Structures are given as C-alpha cells and as structure tokens.
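1. pasting the sequence and the predicted coordinates here, then a few questions.
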Amino acid sequence: MGQNWPNNNPNFMQLGDVEENIITISGNSNLQGEFFNYALKFKESSYLITDYILEVSDISKLDNYFFSLAYLYRHSLELILKAIGFKYITALEDRKLFVKETFHNLSRILEFVSPHIESCIEKNKDAYDWLVLLFEDMNQIDKESDSFRYPFGISVKKGDALLDTPKQFIINIFIEKQTHIDLVAFANKMEVAFDILKSYYSDDTKITTDYLDFKPLLLEEGGSYYGQSVLGYSYSRNKFYSYVKAYTESADFFYEKICSNNHLKETLFIPMCYLYRNGIELAMKEILFEECSYDFQKAIQLLKSNKHNLSKLWKAIKVDVIKHANASEDDSTIIDVEKYIKQLHEIDSSSDKFRYPTNKHLCLHFKRKTKLDIKNVAMFFKDIASFLSGVCMMMSAQNEWKAEMQAEYASYYDPSDYS
C-alpha cells in the first residue's frame, strides 16, 4: 500500500474510461432473489480466499485471514436463510417483523422459516437436525454476527446508586485461549450447511448427505499444520491488528483477483467493498482503543456508542492523531483524510451498504442502477487504509518510547531517597 495516500480530491463515485473496470449494480424488488444473489457472492468469495490461503501455506495468512473468511461464510448462511424467509413471507410488515424477530441469529432464523420448508425437511430430517446443532453451537460463539468482525464484544455492568458506583464497560473476548482450528473442516462444514439451505431455497428434496462426514461444531480443533488456523494468542488477544490485517488484505486479494479475471467482478465486488469498509472501521477503532490517550473505560464507551459511525470515530481519534503528528487542524493531509471519511460515512453510515441488498427497513440500497469504477473504489479504500496504518504505527512507536522513558525515569527516581 506504499503508493497509496489520501489526495485532496477523492471521489468514490468517479468513473474512469476503462470499460472493464466499470460495474453496474442494480437492486431488484424481488427480495428473495436479491438476498440469494448476495448469499452466493459471499459464499463464493469465502471459498476463494480459503482455497488461496490453504494453497500458499503461509502461517500468518492461515491465522489472520480466518476472521474475514469465517465472517464471509457465516454471513452467506444468514443471507440464504433470509432469502428462504422472504420467499414465503411476502407482506412487507411481516417481512420487517421476521427481520426484527430473528436479527443475525441463525438458529432463530432457521426456526422461523422451518414451517415453510417442512416437505424438504421431512425428506432428510437428519440433515435438518445437523443444521440445528451446528447453529446452536455457533450461537455459543457468534449469536450476533460480530465475533469474526471484532476482537471482542462489549457488555455493560450496571452501577449502584446507593454505593455511588458508576456503570462499567466490560470486554468479552471471542477466543480466550490459544486454539488450533481445523480450517479444512470448518470450510467444508460451511459449504455443506450452505448446500442444505440452497436445497431448501430451491425446493429441492434431494438433500446432500455430506454432513455425515462432519461434526456439527463450528470450531473444531485439529487438522494438518498447513490446514489449521491458530487463534487466541494471549499476548494479542484483545488487539485489533489481526482483524485489520485480515479484512484489508482479503479485500486486496479480491481486487487482485478481479484485475486478473474480470469475470469475477460480479461475484467479488460487493464482498470486496464490505471487507475494505470494515477494515477502515477496525483501523480507526484500533487507534482509538490502543493508541489514543483515553483511559480503558472511556475508550470502551466510545467504541460501544460510536458503533459503525466513521464520522464519530474520526472525531474521537482526531485530537490524538494531530497531537502525535505534531500537525495543525488545517494540515492538508488531515483535511484530505476528512474528505474521505465524510464521503464514506455518507455512502455507508451503518456498515450495511455492501453487506445486505437492503437497509433494516428493507429499502433497496441500489434501487437505481449505479455505475462504479472498481479500480477507483479500491484506490479510495486503499488511500485511507494506508493513512490509518501509518498513523497507527507512528502513534504506537511514540507511545512505546514514552512508556520506556517513564519506566527508565521511575527506576532512577526513588522518592525514598528524598524523604
């Protein structure tokens, strides 16, 4: 990313004159078809990245990229389940209730749609029961679809007015201890689960029996040395770095795949944009949580309250960024960066533009035909990602130096010498 840096005239929507770089996105009022189409994109993209990291046998990629590929697979299951729901639930208010009642919970969505697919379920009840167990196990780790997107969840412990104790924010870590995930088994289970759901969507009563080869467990340990992902390193378990790396570099991989095979753009463009967008959010949260001057409770509060809001996240880190860079508010780079953040926030304020075909009110994101330049979009994301990466490294180095100086000063200065 060395050549990428924010410029003073970013334009996410700008079109170049190379026809193969242009992609046309057009929403369809047939929601079941839209969600099914997105499900296929996310499933295929997760397969491609899994196949890639297993082929290159790079330990760092096997460990880090797990987060992005696991999310892509997991999200493809949510999308196809919702496609099944929309196939049978046709009234708008009923659809809204369906989404509200089930949210991201795969077990709950499957339970909700099961009365509509009884004939398929009856043809192979064991396959359905296997799915139920898999999703129940998934709920222990990832009920809200955030365990593969962020390094930890945040919960709140209520304060006590009588004891005058404030509420406390607590982080809940995704994987507590080092775990060797069988990546091959994980990917195969996701593929099998998708195939079963695809049969339900298509009213195909011929259900795969491949589930018999796998335990209905989300994260099974084992596998060969170059066929596993090692998660939960104790020294970095709360860190955002692995997630930033996973999402940003996986998006880079998709962009490179599109450049080498233009036919893949219809499949990979939407997942690429989502990965880049989440990578930007993660990078800003990494700076906020790990490098800014906030105390732990304040940093956690800001993470929780600002959620996906890039404008608010930038506002939360801007003062510290300027201070560390020894810059002014009218510094040209700071002004340029804010143009990128403002645009990206306006395009995708809720981090759902490239995740679902619709917003939470079931309004299509791309109701009108929208043309985008794949290269321009990728460079837009790369520019801001490069800036945030550089800022994080700068702040980290300065904070380490400051901590070392303070420790050294403390070792020389003993108050008892002056008592």
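-> Received it, and whenever you're ready, just let me know what you need. Numbering: from 1, shown residues only.

2. can you show me the helices along this structure?
-> Remark: helices of the chain, listed N- to C-terminal, are 31-56, 59-64, 66-88, 92-102, 106-113, 118-123, 125-142, 183-201, 241-260, 265-286, 296-306, 310-325, 332-347, 374-412; assignment by DSSP state H.

3. so which bits of the longest one are buried?
-> With burial defined by 16 or more other C-beta atoms under 10 Å, the residues of helix 374-412 counted as buried are 374-389, 391-392, 395-396. For the C-beta atoms, the positions are set from N, CA and C on the backbone; glycine is no exception.

4. ok, now the third one?
-> By neighbour count on 16+ other C-beta under 10 Å, the buried set for helix 66-88 is 66-87.

5. using CSV, write out every CA atom in that helix.
-> What follows is helix 66-88 as a C-alpha-only set of coordinates in CSV (Å, rounded to 0.1, in the frame of the first residue of the first chain):
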residue,chain,number,x,y,z
PHE,A,66,-9.5,-16.8,9.3
PHE,A,67,-11.5,-13.8,10.7
SER,A,68,-12.5,-12.5,7.3
LEU,A,69,-13.2,-15.8,5.6
ALA,A,70,-15.2,-17.1,8.6
TYR,A,71,-17.3,-13.9,8.5
LEU,A,72,-17.9,-14.3,4.8
TYR,A,73,-19.0,-17.9,5.2
ARG,A,74,-21.2,-17.1,8.3
HIS,A,75,-22.8,-14.2,6.5
SER,A,76,-23.6,-16.2,3.4
LEU,A,77,-25.6,-18.6,5.7
GLU,A,78,-27.5,-15.7,7.2
LEU,A,79,-28.3,-14.2,3.7
ILE,A,80,-29.6,-17.5,2.2
LEU,A,81,-31.7,-18.2,5.4
LYS,A,82,-33.3,-14.7,4.9
ALA,A,83,-33.8,-15.5,1.2
ILE,A,84,-35.8,-18.5,2.2
GLY,A,85,-37.8,-16.4,4.6
PHE,A,86,-38.6,-13.8,2.0
LYS,A,87,-39.7,-16.5,-0.4
TYR,A,88,-42.6,-17.4,1.8
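
6. tell me how far that helix is from the chain's mean position?
-> The chain centroid and the centroid of helix 66-88 are separated by 13 Å under C-alpha atoms, centre = their mean, to the nearest Å.

7. now swap in stretch 378-394 and tell me
-> Remark: stretch 378-394 is offset 17 Å from the chain centroid, using C-alpha atoms, centre = their mean.

8. repeat for stretch 334-354
-> Its chain's C-alpha centre and that of stretch 334-354 lie 16 Å apart, by C-alpha atoms, centre = their mean.

9. ok, back up a step: nearest to P357, of the helices of the chain?
-> For those, distance to P357 was read as C-beta to C-beta. The smallest value, 3.9 Å, belongs to helix 31-56.

10. and that closest one, what does it pack onto?
-> Helix 31-56 sits against helix 59-64, helix 66-88, helix 183-201, helix 241-260, helix 265-286, with contacts defined as 3 or more C-beta pairs under 8 Å, 6 or more residues apart in numbering; DSSP states H and E.

11. report the buried residues of the fourth one.
-> So the one you mean is helix 241-260. Buried residues in helix 241-260, defined by neighbour count with 16+ other C-beta under 10 Å: 241-255, 257-258.

12. let's have the helices of the chain in CSV, adding mean pLDDT and distance to G222.
-> Output for those, formatted as CSV (pLDDT from 0 to 100; distance: least, C-beta to C-beta, whole Å):
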stretch, mean pLDDT, distance to G222
helix 31-56, 97, 15
helix 59-64, 92, 14
helix 66-88, 98, 15
helix 92-102, 96, 32
helix 106-113, 98, 24
helix 118-123, 94, 31
helix 125-142, 96, 16
helix 183-201, 98, 7
helix 241-260, 97, 21
helix 265-286, 98, 28
helix 296-306, 96, 34
helix 310-325, 97, 38
helix 332-347, 97, 40
helix 374-412, 93, 34
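
13. mind checking those for the one nearest to G223?
-> Closest approach to G223 among the helices of the chain (C-beta to C-beta): helix 183-201, 5.7 Å.

14. by contact count, what packs against that closest one?
-> Judged by 3+ C-beta pairs under 8 Å, 6+ apart, the packing partners of helix 183-201 are helix 31-56, helix 66-88, helix 118-123, helix 125-142, strand 228-231.

15. most tightly packed of those?
-> Here the criterion is mean neighbour count by mean count of other C-beta atoms under 10 Å, and of those the winner is helix 66-88, at a mean of 24.

16. redo the helices and strands packed on helix 31-56 as a markdown table? Include distance to D126.
-> Formatted as a markdown table, the entries for the helices and strands packed on helix 31-56 read as follows, by distance: least, C-beta to C-beta, whole Å:
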| stretch | distance to D126 |
| --- | --- |
| helix 59-64 | 32 |
| helix 66-88 | 19 |
| helix 183-201 | 11 |
| helix 241-260 | 34 |
| helix 265-286 | 32 |
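
17. tell me which of these lies nearest to L110.
-> Shortest separation from L110 across the helices and strands packed on helix 31-56 is recorded for helix 66-88, at 6.2 Å, computed as C-beta to C-beta.

18. next, the angle from the closest one to helix 106-113.
-> 10 degrees (axes from the mean of the first three to the mean of the last three C-alpha atoms, to 10 degrees).

19. which elements pack onto helix 66-88?
-> If you count contacts as 3+ C-beta pairs under 8 Å, 6+ apart, helix 66-88 packs onto helix 31-56, helix 92-102, helix 106-113, helix 183-201, helix 241-260.

20. output those helices as TSV; include the columns distance to Y226.
-> Putting the helices and strands packed on helix 66-88 into TSV (distance: least, C-beta to C-beta, whole Å) gives the following:
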stretch	distance to Y226
helix 31-56	7
helix 92-102	38
helix 106-113	29
helix 183-201	9
helix 241-260	18
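
21. which of the helices and strands packed on helix 183-201 sits closest to Y294?
-> The closest of these to Y294 is helix 66-88. By C-beta to C-beta, the value is 24.7 Å.

22. quick one: the closest one to helix 31-56, angle?
-> Comparing the axes of helix 66-88 and helix 31-56 via the same axes, to 10 degrees yields an angle of 160 degrees.

23. done for today, thanks.
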